[in-house]
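Visitor: Below are the sequence and a predicted model; questions follow.
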Amino acid sequence: MNKIRYAVVGLGHIAQAAVLPAFAHARRNSELTAFVSGDPEKLDKLAREYGVRHSFGYDEYEACLAGGLVDAVYIALPNSRHREFAQRALEAGVHVLCEKPLTTTAKDAEALVAASERGGARLMTAYRLHFERANLEAARLAHSGELGEPRFFSSSFALQLQEGNIRSDRELGGGPLFDLGIYCINAARYLFREEPYEVFAWSSSGKDRRFAEVEEMTSAILRFGDGKLAQFTCSFGAAPLGWYQLACTKGSLRLENAYEYAEGSELEVALESGKTRRRSFPVRDQFAPELLYFSDCVLKDRRPEPDGREGLIDVRIIEALRESARTGRPMRTALGRRHRRPTLRQEHHRPKPGKAPLVGVHASSR
């Protein structure tokens, strides 16, 4: 076997706009073989568009897993459905690449990690920025010594959410922390190469009817070892932006468009000497590298770096932040230590994908 055969489970916007086109840049070891969706129109039109021979409804998922047609699934469902469909695949011996957040509760994430370790099927959380050059270069610089020791991290990530989008549905696992804040949390962790031991958060909403079920925004502070701090704000009700800055003892770095996949980014490095340099990173396919990396892990029997435990840690942090926002108290975390972090060795360079046809979906922001 030299290619991993995938079923994409869920054909919403992220699947159609980014995941399906990525297979064209991952042909070396990844093959798009099947679709799983509850929408017959999507199944029919997208199967013809991508030449996919096997389509299944959600009630036929077991047949997809047990039919010997696929080796792995890419879970692109609403957040609250990640555990169910990922666990069923893992228990069937099918490998799982799951969109973030891995799950909406730490208990569910722990169950997926246990299912993977028990049965031997690989589980990877789809952290695309662990394979993206600008973020990997920032992580390298943070510990190169050129900027001194990292001291504090700041970030903002916002968009104007379209009314009625599933990201504002609490039952489906919506909310800005799961959708946007998770990027800020994960970036702080890989830039510091540590886990926070205490967190504090505030959440708020105005009178906008879009936020009847979830908060409009959350601001958070995370405490790390040796006095390091991280702070961020994520919002569904502000003009689009997404950046982070890392301040160190001898300089700083700032990454604009830090979390985007459809736009290029710019990394600025400022030294205490007054010298400043900038580097631009063009738009690249950020989803094909995930497929290439995960397929290699399966083919070569390697544990992926952003594995299930990586996803579990972020879910635990988000749980603690939500509890802090509810109670008004700081919350301690017990996260253990990660011995693996993303490095430049994980980068896969693939060109900007072409425009994908969209069937029955709309962009999440306006």
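Guide: Cool, got the structure.

Visitor: got the contact list for residue 245?
Guide: Residues in contact with residue 245 (Cβ atoms under 8 Å, 6 or more residues apart in numbering) are 153, 154, 155, 252, 253, 254, 255. C-beta coordinates here come from the backbone N, C-alpha and C atoms, glycine included.

Visitor: same thing with residue 133?
Guide: By Cβ under 8 Å, 6+ apart, the residues touching residue 133 are 281, 284, 344, 347, 349.

Visitor: tell me the secondary structure for the residue nearest to the third one when sequence neighbours are not counted?
Guide: Distances taken as Cβ to Cβ, 6 or more residues apart in numbering place residue 136 nearest to residue 344, at 4.9 Å, with adjacent residues excluded. Following DSSP: H, G, I helix; E, B strand; the rest coil, the label given to residue 136 is helix.

Visitor: Residue 136 contacts residue 346, correct?
Guide: Yes: between residue 136 and residue 346 there is a contact under Cβ atoms under 8 Å: 6.9 Å.

Visitor: just to revisit the earlier point, burial of the residue nearest to residue 344, as a residue count?
Guide: When neighbours are counted by other Cβ atoms under 10 Å, residue 136 registers 19.

Visitor: So it versus residue 113, what's the distance?
Guide: Between residue 136 and residue 113 the distance is 25 Å, computed by Cβ to Cβ, to the nearest Å.

Visitor: Same question for residue 163.
Guide: With Cβ to Cβ as the criterion, residue 163 and residue 113 are 36 Å apart.

Visitor: Any stretches of this protein with poor pLDDT?
Guide: 365-366 (pLDDT under 70).

Visitor: per the record, what domains does it have?
Guide: Under the assignment automatic domain parsing, the domains of the chain span 4-128+287-306, 133-282.

Visitor: Any idea which of those gets closest to residue 321?
Guide: Nearest to residue 321, of all these, is domain 133-282, at 4.1 Å by Cβ to Cβ.

Visitor: tell me the residue furthest from the middle of the chain?
Guide: residue 273 (36.0 Å; Cα atoms, centre = their mean).

Visitor: do you know how far it is from residue 108?
Guide: On the measure of Cβ to Cβ, residue 273 and residue 108 end up 49 Å apart.

Visitor: ok, now residue 266?
Guide: Taking Cβ to Cβ as the measure, residue 266 falls 37 Å from residue 108.

Visitor: What of residue 343?
Guide: 29 Å.

Visitor: between those two, which one's more packed in?
Guide: Higher neighbour count among residue 343 and residue 108: residue 108, with 20 against 13, using other Cβ under 10 Å.

Visitor: where does that one land in three-state SS?
Guide: Strictly by three-state DSSP, residue 108 counts as helix.

Visitor: Stretch 68-76: end-to-end distance?
Guide: Using Cα to Cα, to the nearest Å, the span of stretch 68-76 from its first residue to its last is 21 Å.

Visitor: In contact with residue 172: list those residues for me.
Guide: 78, 79, 80, 81, 166.

Visitor: In a markdown table: those, plus secondary structure, distance to residue 104 and neighbour count.
Guide: Output for the contacts of residue 172, formatted as a markdown table (DSSP: H, G, I helix; E, B strand; the rest coil; distance: Cβ to Cβ, whole Å; neighbours: other Cβ atoms under 10 Å):
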| residue | secondary structure | distance to residue 104 | neighbour count |
| --- | --- | --- | --- |
| 78 | coil | 10 | 17 |
| 79 | helix | 5 | 21 |
| 80 | helix | 5 | 19 |
| 81 | helix | 9 | 17 |
| 166 | helix | 13 | 16 |
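
Visitor: before we move on, the earlier item: shared neighbours, residue 136 and residue 346?
Guide: Between them, residue 136 and residue 346 share the contacting residues residue 130, judged by Cβ under 8 Å, 6+ apart.

Visitor: Not counting residues beside it along the chain, what's closest to residue 82?
Guide: Distances taken as Cβ to Cβ, 6+ apart place residue 103 nearest to residue 82, at 5.2 Å, with adjacent residues excluded.

Visitor: And for residue 323?
Guide: Excluding the flanking residues, the one nearest residue 323 by Cβ to Cβ, 6+ apart is residue 331, at 5.5 Å.
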